[in-house]
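Student: sequence? don't have it. structure:
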């Protein structure tokens, strides 16, 4: 009687070790634990070059390992068919450097966002619009315009917080933020491009 090995591969993995095993890129499930323990330690590839580099691992390689080690094991794939493995060097954490990077990014985002908002306001002439609104509903023109400008500024800040579902290091809800969704889409597109390039024979570089 044959055993069934269920394999669930990840779409991508980031690793620091130069040797990748089956257990690093896939979850294995089988009634016979000996099969799982044997296959998950099998090496899939080794990075000889060092540094940051990407490789593509196919489900066919895991099936080949299973066929080589066991005669009566049926492999059922319930995940991805290819996994993009990226090697990264171990970098010692530098708190000061991280703070400097955060400050630089915050400054760039602050002035960039401010410039975009000012460009939009000038394009639609918000000041003139506020003046027209105040002239219809308020006697004191200056105070009315200031109230509208203050409310508008506060509303932009609150709108950004609500839209991005994030304030400081806290989320307003458990839903993923728009930035996280877009980053996930970007990573998926990158992985698909790498896999497609590997299928042409240019991206696959597995050194056992």
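Tutor: Perfect, thanks for sending it. Since the model is a prediction, treat every value here as computed from it, not as a measurement.
Student: give me the number of residues near the residue nearest to residue 30 when sequence neighbours are not counted?
Tutor: Spatially, and ignoring its direct neighbours in sequence, residue 30 is nearest to residue 5 (4.6 Å; C-beta to C-beta, 6 or more residues apart in numbering). Any C-beta I mention is one placed from the backbone N, CA and C, and that applies to glycine too. If you count neighbours by other C-beta atoms under 10 Å, residue 5 ends up with 22.
Student: likewise for residue 113?
Tutor: 12.
Student: surely it forms part of a strand?
Tutor: No: Residue 113 is assigned helix when assessed by DSSP: H, G, I helix; E, B strand; the rest coil, not a strand.
Student: ok, back up a step: quick one: secondary structure of the residue nearest to residue 30?
Tutor: Residue 5 ends up strand, using three-state DSSP.
Student: residues in contact with it?
Tutor: For residue 5, the contact set (C-beta atoms under 8 Å, 6 or more residues apart in numbering) comprises 28, 29, 30, 35, 36, 39, 66, 73, 74, 75, 76.
Student: which other residues reach whichever strand or helix holds the fourth one?
Tutor: Put plainly, it is residue 35. Using DSSP states H and E, residue 35 falls within helix 33-39. Contact with helix 33-39 is made by 3, 5, 22, 28, 29, 30, 62, 65, 66, 69, 70, 73, as judged by C-beta under 8 Å, 6+ apart.
Student: flag every buried residue along the next helix or strand after that helix.
Tutor: Scanning forward in sequence from helix 33-39 by DSSP H and E, the next helix or strand is strand 43-46. Of the residues in strand 43-46, 44, 45 count as buried by neighbour count, 16 or more other C-beta atoms under 10 Å.
Student: which strands and helices sit next to strand 43-46?
Tutor: Counting contacts by 3 or more C-beta pairs under 8 Å, 6 or more residues apart in numbering; DSSP states H and E, strand 43-46 packs against strand 19-21, helix 22-25, strand 53-58.
Student: helices along the protein, start to end?
Tutor: 22-25, 33-39, 59-69, 95-124, 126-137, 141-164, 178-199 (DSSP state H).
Student: mind listing what's buried in stretch 175-191?
Tutor: Applying 16+ other C-beta under 10 Å to stretch 175-191 flags residue 191 as buried.
Student: next one: it to chain centre, how far?
Tutor: Centre-to-centre, stretch 175-191 and its host chain are 5 Å apart (C-alpha atoms, centre = their mean, to the nearest Å).
Student: neighbouring contacts of it?
Tutor: Against stretch 175-191 from outside (C-beta under 8 Å, 6+ apart): 11, 12, 84, 163, 164, 165, 166, 171.
Student: can you do 6 Å?
Tutor: 11, 12, 84, 164, 165, 166 (C-beta atoms under 6 Å, 6 or more residues apart in numbering).
Student: ditto for stretch 120-140
Tutor: With C-beta under 6 Å, 6+ apart, stretch 120-140 has contacts from 141, 144, 145, 148.
Student: of these, which pair is most distant in space?
Tutor: 141 and 148 (10.8 Å; C-beta to C-beta).
Student: many thanks, we can stop here.
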